[in-house]
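Peer 1: show me the folded form of this:
(chains A and B)
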Amino acid sequence: MNRLQQLFEKQQKGLLSIYYTAGYPSLNDTLKIAETLEQSGADFLEIGFPYSDPVADGPVIQASSKEALDNGMTLPILFEQLKDLRQKVSIPILLMGYVNVVLQYDVEAFCQKCQEVGVDGCIIPDLPMYEYEEMYQTTFEKYGLSNIFLVTPQTSEERIRKIDGLSNAFIYLVSSAATTGGNLSVSESATAYFKRIADMKLKNPFVIGFGISNKETFDAANEYASGAIIGSAFVKNIDKDNLEGSIKSFMKQFR
Amino acid sequence: MTVSIKKMNYFVDERGYYGDFGGAYIPEMLYPNVEELRQKYQTVIDDEQFQQEFKALLKDYVGRPSPLYLAKRLSEKYGANIFLKREDLNHTGAHKINNTIGQILLAEKLGKKRIIAETGAGQHGVATATVCALRGLECVVYMGEVDIKRQAPNVARMKMLGAKVVPATSGSKTLKDATNEAMRDWIANPVDTHYIIGSVVGPHPYPDMVAQFQSIISFETKKQLKEQTGSELADYVLACVGGGSNAMGMFYHFIDDESVKLVAIEAAGKGVSSGFSAATTTLGKEGVLHGSRSILMQTEDGQVVEPHSVSAGLDYPGIGPQHAHLFKTGRGLYASITDDEALQAGLLLTQYEGIIPAIESAHALAYLEKMEFKGGENVVVCLSGRGDKDMETYMKYFNL
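Peer 2: Have a look, this model is predicted:
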């Protein structure tokens, strides 16, 4: 059982997860940000490895990705930075990024490296489900990685059941039809969607992301889900000249 | 062990692959949109009423069939029979409209009310805005901020046609970023919107769907060759490749005729090894871009590299998955032509035949210089567009 599975085994309420882009604001901030987030009460983290064409992302993460690439971030560099991860950080860590970067690195080598540095799972939004199932699932499992799937308001029940069957940690519920960085409006249709998923009694817990930006939207998501993921709002708030301070003050509203 | 000689399949399989290429590498937010298309596109296209409407519009609105013209002076110069497939004579000036007519009819059948598109030079944007005006549908075209500045006349045409032109300000602010923005729009508007992709790229079923709509080019060519030469087959068929839609249309009905040599011409820009090139098959590696597995120009780390070509229509870092398959299997010959060679070929055609070609098409023409003919071969070149839009580039280059 990896750290992520252990976490969800013991806690299924009020979890706070933070996404940030590796290599932003400066190339070597990756571990420092992870440590500060753990100290500030984050329950698990998603570390994004940047891609030049991030279609699922809104303007904030596009910009942080571009800056990270300009700073020279690559997967080999990220893995090098994460070498000492488990001496410093104990909460579960996911890597998040687009499939082409993983394919060029080589999927098996990627999984092996993840295990070596202590990464617990991945979110690769443009990796097709059939391809994961047929080509990569056994590799992911061999290296103890959880693959996290996304579900949207338009995902059919049949597909959600299939995703539930392939998941072994949690399901990532995308709050609305949008890229990252919007604002969750806790509308009737959104709550109906969250309730619909909750009523499906899936074997995996779910966590809500996209549009979670503050205490209010975080609490709203937690009414239905095991937790919520904050990305763009956190990234936007990072102050390069006051890295720790800006992270801690952002986290205060939640913890 | 017996070796069974199986006929190679160059077309899409039921899962959306051409050999190793194709598929649908899309985030879950796009899955319902793409899945709806995947389930319905072939049924809609095969419907008799759809076919009648499509053919009627191609004939009466686009002006098809486009002529297959035996270019006599060019033929004399090269010592082969050079036929030009005159897609430049289509309404809006290029082959792009074949696809947008097909997709707008498909969008109507799917009950969509709003159309989005990406465009580089603006040709596909204009072709999309045109069919939206024709059918009275809302139209939003994404175009890189840099391209908007470079292509003012096409921006004005789209606006006059009633389209909203939205600048893509992310990344390099060109075609690939416009494509990203259109995908983001589609993510945010999954129910009422159809995305008209302009080339044989994108997630399955786009490459196959666009190829089918463009296949009218080779369908007509075969008939015209039969009338003019007695055989429906040529020795060579040439076309330029950016994403590859005119080339796929030009190759489509010849693919299984293995005696016909298919030649695809990419843009070498300032030279294949200059760092300013769009010669994807030479410079690229296998990977995933814009929803399909294909060949693309990328760094070792998998970041997409900015291409360069004097012709905006070829300025794309990938090629469609079917092209990647034709390239890898050796069924197609993929070559490249520099900016200079293309511009010279454009001038040559103008002065030999009185036809000013689009600089994209001029890349295909330029390759004639590099071919050796025994004499008497039949060669078809797809003249994918006219050069009106490129006059400023020609004027600057030749000091006109």
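
Peer 1: OK, now which residue of the stretch 151-255 of chain A is nearest to chain B?
Peer 2: A:Gln154 (4.0 Å; CB to the nearest CB). To be clear about C-beta, it is placed using only N, CA and C from the backbone, and glycine gets the same treatment.

Peer 1: just the pLDDT for that residue.
Peer 2: On the pLDDT scale, A:Gln154 is placed at 92.

Peer 1: dump the residue contacts of it.
Peer 2: A:177, B:29, B:31-32, B:190-191 (CB atoms under 8 Å, 6 or more residues apart in numbering or on different chains).

Peer 1: let me know the secondary structure of it.
Peer 2: The three-state label given to A:Gln154 by DSSP: H, G, I helix; E, B strand; the rest coil is coil.

Peer 1: name the residues of the stretch 101-250 of chain A found near chain B, please.
Peer 2: The interface of the stretch 101-250 of chain A toward chain B, taken as CB under 8 Å from any CB of the partner chain, is made up of A:101-105, A:125-128, A:130-131, A:149-152, A:154-156, A:159, A:174, A:177-179.

Peer 1: ChimeraX command for the buried members of those residues?
Peer 2: In ChimeraX, this line selects whichever of those come out buried by 16 or more other CB atoms under 10 Å in any protein chain shown:
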select /A:101,102,103,104,105,125,126,127,128,131,149,150,151,152,154,155,159,174,177,178,179
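
Peer 1: narrow the residues of the stretch 101-250 of chain A next to chain B to those in helices?
Peer 2: Counting by DSSP state H, those place A:101-105, A:130-131, A:159 in helices.

Peer 1: out of those residues, flag the one nearest to B:Met143.
Peer 2: B:Met143 lies nearest to A:Val101 out of those, by CB to CB, at 26.9 Å.

Peer 1: contacts only, for that closest one.
Peer 2: Per CB under 8 Å, 6+ apart, neighbours of A:Val101: A:49, A:51, A:75, B:301-303.

Peer 1: of these, buried ones?
Peer 2: A:49, A:51, A:75, B:301-303.

Peer 1: looking at those, which is nearest B:Glu369?
Peer 2: The closest of the buried ones among the contacts of A:Val101 to B:Glu369 turns out to be B:Gln303 (CB to CB; 35.0 Å).

Peer 1: phi, psi for the closest one please.
Peer 2: Per-residue torsions, B:Gln303: phi -90, psi 140 (degrees, to the nearest 10).

Peer 1: was I right about it contacting A:Pro54?
Peer 2: No. At 10.9 Å, B:Gln303 does not count as touching A:Pro54 under the criterion of CB atoms under 8 Å.

Peer 1: which of the helices and strands in chain A ranks last by mean pLDDT?
Peer 2: Lowest by mean pLDDT, DSSP states H and E among the helices and strands of chain A is helix A:188-199, with a mean of 91.

Peer 1: residue in the stretch 251-400 of chain B with the shortest distance to chain A?
Peer 2: For the stretch 251-400 of chain B, the residue positioned closest to chain A under CB to the nearest CB is B:Gly302, at a distance of 3.5 Å.

Peer 1: who's in contact with that residue?
Peer 2: By CB under 8 Å, 6+ apart, B:Gly302 lies in contact with A:51, A:100-105, B:287.

Peer 1: returning to what we had before: state the mean pLDDT of whichever helix or strand comes after the least confident helix or strand of chain A.
Peer 2: For helix A:188-199, the following helix or strand on the C-terminal side (DSSP states H and E) is strand A:206-209. Averaged across strand A:206-209, the pLDDT comes to 96.

Peer 1: and for stretch B:393-400?
Peer 2: Mean pLDDT, stretch B:393-400: 96.

Peer 1: can you pull the buried residues of it?
Peer 2: Buried, per 16+ other CB under 10 Å, within stretch B:393-400: B:393-394, B:397.

Peer 1: next one: that stretch to chain centre, how far?
Peer 2: Stretch B:393-400 sits 25 Å away from the centroid of its parent chain (CA atoms, centre = their mean, to the nearest Å).

Peer 1: identify the residues contacting it?
Peer 2: B:310, B:343, B:346-347, B:356, B:359, B:387.

Peer 1: what's the answer for stretch B:212-227, then?
Peer 2: Outside stretch B:212-227, the residues that touch it by CB under 8 Å, 6+ apart are B:45, B:58, B:64-68, B:83, B:85, B:87, B:95, B:98-99, B:101-103, B:200, B:231-234, B:237, B:245-246, B:248-254, B:378, B:380, B:382.

Peer 1: mind listing what's buried in the least confident helix or strand of chain A?
Peer 2: A:190, A:193-194, A:197.

Peer 1: same check, this time on stretch B:304-323
Peer 2: By 16+ other CB under 10 Å, the buried positions in stretch B:304-323 come out as B:304-323.

Peer 1: any bit of that stretch sitting next to chain A?
Peer 2: Yes. Applying CB under 8 Å from any CB, one finds stretch B:304-323 in contact with chain A at B:Val304.

Peer 1: convert the C-alpha atoms of that stretch to PDB, please.
Peer 2: This file holds the C-alpha atoms of stretch B:304-323, laid out as PDB (Å, rounded to 0.1, in the frame of the first residue of the first chain):
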ATOM      1  CA  VAL B 304       6.900  20.900 -28.500                       C
ATOM      2  CA  VAL B 305       9.300  22.900 -30.700                       C
ATOM      3  CA  GLU B 306       8.300  26.000 -32.600                       C
ATOM      4  CA  PRO B 307       8.500  25.400 -36.300                       C
ATOM      5  CA  HIS B 308       9.300  27.900 -39.000                       C
ATOM      6  CA  SER B 309       8.200  28.300 -42.600                       C
ATOM      7  CA  VAL B 310       7.600  31.200 -44.800                       C
ATOM      8  CA  SER B 311       4.200  29.700 -45.500                       C
ATOM      9  CA  ALA B 312       1.900  30.000 -42.500                       C
ATOM     10  CA  GLY B 313      -0.100  26.900 -43.700                       C
ATOM     11  CA  LEU B 314       2.900  24.600 -43.300                       C
ATOM     12  CA  ASP B 315       4.100  26.200 -40.100                       C
ATOM     13  CA  TYR B 316       3.000  23.300 -37.800                       C
ATOM     14  CA  PRO B 317       5.200  21.100 -35.600                       C
ATOM     15  CA  GLY B 318       3.400  17.900 -36.400                       C
ATOM     16  CA  ILE B 319       1.800  15.900 -39.200                       C
ATOM     17  CA  GLY B 320      -1.500  14.000 -39.200                       C
ATOM     18  CA  PRO B 321      -1.300  10.300 -37.900                       C
ATOM     19  CA  GLN B 322      -2.100   8.800 -41.300                       C
ATOM     20  CA  HIS B 323       0.900  10.700 -42.800                       C
END
